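S.K.: pasting the structure only:
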């Protein structure tokens, strides 16, 4: 049975996409059948981390939502490209980076029920072990519908007071949903921060388990979305945290 993992944040720039790609790659390396859906339709880009040029995409999730093609026409198998020796399968369902397509989505919206139908169809067609959904930031209605269908919700935030307050609102909304596993991840944490104190404060005030503290990484910044972090830096402390997170949600 497919396990659906949604990755969410209250604000953009928290690290959702890099986290999604790294988790998917690690599962793929374990021999799992994994797919990523880029449901951050207003600010997409998962496919870029996998070395896919936007101009090379024949169809995107936008085409499916505008009923131009069926969902199976969008699925890209990147297994061989990422690792020819890998024993798993890794698929990408990208969204369009075209400014006109993004503008249309923002102007007209889309049918969220059709999107969710597409999720289930992908699960059925590919017989997945895991489906990872990179969601849109914030707590708008369409995003909440996606979160409500997941088995695991990973909410990621930066150690910033403004983000902290906004995330607390999002977590309060998420708490009302019947989601089996909810974990909060704190990203871009500097060495000077007392992580033990932060963990106690977050778990007591926000009332959600802290699934991991992701250290600030110069290597991540230098990578600049030109690759998957856990693939490029398999022995890095940050990759170790990604692996620990997966152990908590399998």
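M.R.: Received it, and whenever you're ready, just let me know what you need. Note that the structure is a prediction, hence the values are computed from the model and not measured. Residues are numbered from 1 along each chain as shown.
S.K.: Quick check, central residue of this structure?
M.R.: residue 134 (3.2 Å; Cα atoms, centre = their mean).
S.K.: how about the helices of this structure, start to end?
M.R.: Assigned by DSSP state H, the helices in the chain fall at 16-29, 46-49, 61-65, 79-82, 99-108, 112-126, 141-148, 161-175, 195-205, 218-223, 229-232, 237-249.
S.K.: Adding mean neighbour count, mean pLDDT and distance to residue 35, write these out as CSV.
M.R.: Placement of C-beta: from N, CA and C, glycine included. Shown next, in CSV, are the helices of the chain (neighbours: other Cβ atoms under 10 Å; pLDDT from 0 to 100; distance: least, Cβ to Cβ, whole Å):
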stretch, mean neighbour count, mean pLDDT, distance to residue 35
helix 16-29, 25, 97, 8
helix 46-49, 23, 94, 11
helix 61-65, 21, 95, 12
helix 79-82, 15, 94, 11
helix 99-108, 12, 90, 21
helix 112-126, 16, 93, 6
helix 141-148, 16, 89, 15
helix 161-175, 16, 82, 23
helix 195-205, 13, 79, 31
helix 218-223, 12, 94, 23
helix 229-232, 20, 96, 17
helix 237-249, 16, 96, 16
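S.K.: could those helices be laid out in a markdown table, adding distance to residue 212?
M.R.: Shown next, in a markdown table, are these (distance: least, Cβ to Cβ, whole Å):
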| stretch | distance to residue 212 |
| --- | --- |
| helix 16-29 | 10 |
| helix 46-49 | 20 |
| helix 61-65 | 28 |
| helix 79-82 | 23 |
| helix 99-108 | 31 |
| helix 112-126 | 25 |
| helix 141-148 | 19 |
| helix 161-175 | 15 |
| helix 195-205 | 10 |
| helix 218-223 | 15 |
| helix 229-232 | 13 |
| helix 237-249 | 5 |
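S.K.: Can you tell me which of those is nearest to residue 91?
M.R.: Ranking those by proximity to residue 91 (Cβ to Cβ) places helix 112-126 first, at 6.2 Å.
S.K.: Give me the distance from the closest one to the chain's centre.
M.R.: Distance of helix 112-126 from its chain centroid, counting by Cα atoms, centre = their mean, to the nearest Å, is 16 Å.
S.K.: List of residues touching it?
M.R.: In this structure, residues lying in contact with helix 112-126 by Cβ atoms under 8 Å, 6 or more residues apart in numbering are 2, 4, 33, 35, 37, 39, 61, 64-65, 67, 71-72, 75, 89, 91, 93, 128, 131, 133, 141-142, 145-146, 149.
S.K.: rewinding a little: can you pull the contacts of the residue nearest to the residue nearest to the centre of the chain when sequence neighbours are not counted?
M.R.: Spatial nearest neighbour of residue 134, chain neighbours left out: residue 20 (4.5 Å); criterion: Cβ to Cβ, 6 or more residues apart in numbering. Residues counted as contacts of residue 20 (Cβ under 8 Å, 6+ apart) are 7, 36, 46, 132, 134.
S.K.: Surely the third one touches residue 39?
M.R.: Read it as residue 46. No - judged on Cβ atoms under 8 Å, residue 46 makes no contact with residue 39 at a distance of 9.5 Å.
S.K.: Now do the shared contacts for those two.
M.R.: Common neighbours of residue 46 and residue 39 (criterion: Cβ under 8 Å, 6+ apart): 95, 134.
S.K.: Closest one of the contacts of residue 20 to residue 107?
M.R.: Lowest distance from residue 107 to the contacts of residue 20 (Cβ to Cβ) belongs to residue 134, with 21.9 Å.
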